[in-house]
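**Q** Build me a structure from this.
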Amino acid sequence: MKSSRKKISFARLTALALVAVVFFTLSPAMAEAKVLYNAKITTHFPNSTTKVYAKPDLDSKVLATYKPGRPIEVVEVMPNYVGIKMGSKVGYVLRHRIMDPVALDRANTPRFGTALNRYFATMSKETHVKAAPDSGSETLITLQEGAQLGFLDVENGWARLIFKRQYGYVDTRELNALEMVAPVETRGTSDVPIAVYNSFYNISDNENNINRINNLAVGGQRMSKVLSPGQTLDFNGEVGPFRASNGYKPAGALVDGEMVYDVYGGGSCQVSSTLYNVVLQLTGLTVLRRAPHGPSGISYLPHGVDASSGGLNFVFRNDYTFPVRIYAHVQDGSLFIAFYKEA
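**A** Okay, the predicted model is just below:
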């Protein structure tokens, strides 16, 4: 069967980037700041005030300190910060210091934390994810041929993604081809994904980490399936039980906010959490059950967009009129998950 994947030139990507709207990275500097969500300063730290910074940087000037429970207006969402309205200015607060975000325009505003990935690529050679759109900046991770990545947008020859709780950048000259995610779900095919997302994990030779990577691969394989219209995916039911007979090994896992080692299936929460970030992008998927990893969340994703497995669970339903196929790939520190529209 001839592939229908849509590959585009970097020249055309530059033109598309000028008109594409990437909600997750909306910049108030581009126009008058528009309030997206009403929220509150978290009450999880009742005896602690929250600092509002002039820039999304802990070393920047502190504009104000807010008490727990204070209402705020969110105008921008970043991997580790939110921009909040302060009169005619925008201040920045760490994401884990806010709570209860509610969209003002629920019909046209994505669920809080949704990161719309517009592009994806399969690495054809050694590829470096940089901390800034600058070849001289820090290398966050190095990937090899076959690894896969999802990207938010492309600007000035750099493809941008989310690396844990910051942005990462890939020089598009290192990519053989950059492909587009379907702009709307109905235009997806068995080759063109309707949503993609990836998270990152550390690579080392210690036994705990090797076992964790094994568990990511096993979990991704067991989760990869087709969901018919109306069908529910129960993560623990599909990916578990987390035992040796299913290919899982003992590794570290976050239990009640603390790291516990020698847990069979340790690391499976990264699979469910990455899956949740794909689901967030698709309006035809309904989340039925989901629990975060406590007030601080997990470090390999932006705060507030994780989904526990094991003792808790992640469950969602396909409410589209068409089947969706789930695909997962683990390689070189990148866990990549994509959804496809099936005929």
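**Q** Pull out the buried positions in the helix or strand harbouring G237.
**A** Using DSSP states H and E, G237 sits in helix 235-239. By 16 or more other C-beta atoms under 10 Å, the buried positions in helix 235-239 come out as 235-236, 239. Every residue, glycine included, has its C-beta placed from N, CA and C.
**Q** likewise stretch 107-125?
**A** Of the residues in stretch 107-125, 110, 112-123 count as buried by neighbour count, 16+ other C-beta under 10 Å.
**Q** Of those, which belong to helices?
**A** Taking DSSP state H, every one of those sits outside helices.
**Q** Filter the residues you listed down to the ones in strands?
**A** 119-122 (DSSP state E).
**Q** Which one of those is nearest to G297?
**A** Distance to G297 across those (C-beta to C-beta) is lowest for F120, with 24.8 Å.
**Q** all strands for the stretch 201-343 of the chain, in order.
**A** Using DSSP state E, counting those that start in this stretch, the strands of the stretch 201-343 of the chain run over residues 226-227, 232-234, 250-255, 258-264, 285-289, 315-318, 324-331, 334-341.
**Q** Would you mind finding the most buried of those?
**A** strand 334-341 (a mean of 24; mean count of other C-beta atoms under 10 Å).
**Q** coming back round to it: contact partners of the helix holding G237?
**A** Helix 235-239 has contacts (C-beta atoms under 8 Å, 6 or more residues apart in numbering) with 219, 222-223, 225, 268, 271-272, 275, 307, 309-310, 313-315.
**Q** again, 10 Å this time
**A** The contact list for helix 235-239, computed with C-beta atoms under 10 Å, 6 or more residues apart in numbering, reads 215, 218-225, 232-233, 242, 246, 248, 265, 268-269, 271-272, 275-276, 289-290, 307-316, 326.
**Q** Buried subset of those as a PyMOL selection?
**A** Per 16+ other C-beta under 10 Å, the buried members of these correspond to this PyMOL selection:
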select buried, resi 215+218+219+220+222+223+233+242+248+265+268+269+271+272+275+276+290+307+308+309+310+312+313+314+315+316+326
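**Q** coming back round to it: could you dump the buried residues of helix 235-239 to JSON lines with distance to W158 and pLDDT?
**A** Formatted as JSON lines, those follow (distance: C-beta to C-beta, whole Å; pLDDT from 0 to 100):
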{"residue": "F235", "distance to W158": "34", "pLDDT": "96"}
{"residue": "N236", "distance to W158": "39", "pLDDT": "95"}
{"residue": "V239", "distance to W158": "35", "pLDDT": "94"}
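**Q** what's the closest of those to L285?
**A** Using C-beta to C-beta, the buried residues of helix 235-239 come closest to L285 at F235, 13.1 Å.
**Q** now the closest one: how far from G265?
**A** 11 Å (C-beta to C-beta, to the nearest Å).
**Q** Common neighbours of those two, please.
**A** Common contacts of F235 and G265 (C-beta under 10 Å, 6+ apart): 219, 271, 309-310.
**Q** can you tell me which of those are in helices?
**A** Using DSSP H, the subset of the shared contacts of F235 and G265 located in helices is 219, 271.
**Q** Pick out the lowest-pLDDT one from the shared contacts of F235 and G265.
**A** Lowest pLDDT of these: G310, 79.
**Q** average pLDDT for stretch 122-131?
**A** For stretch 122-131, mean pLDDT rounds to 97.
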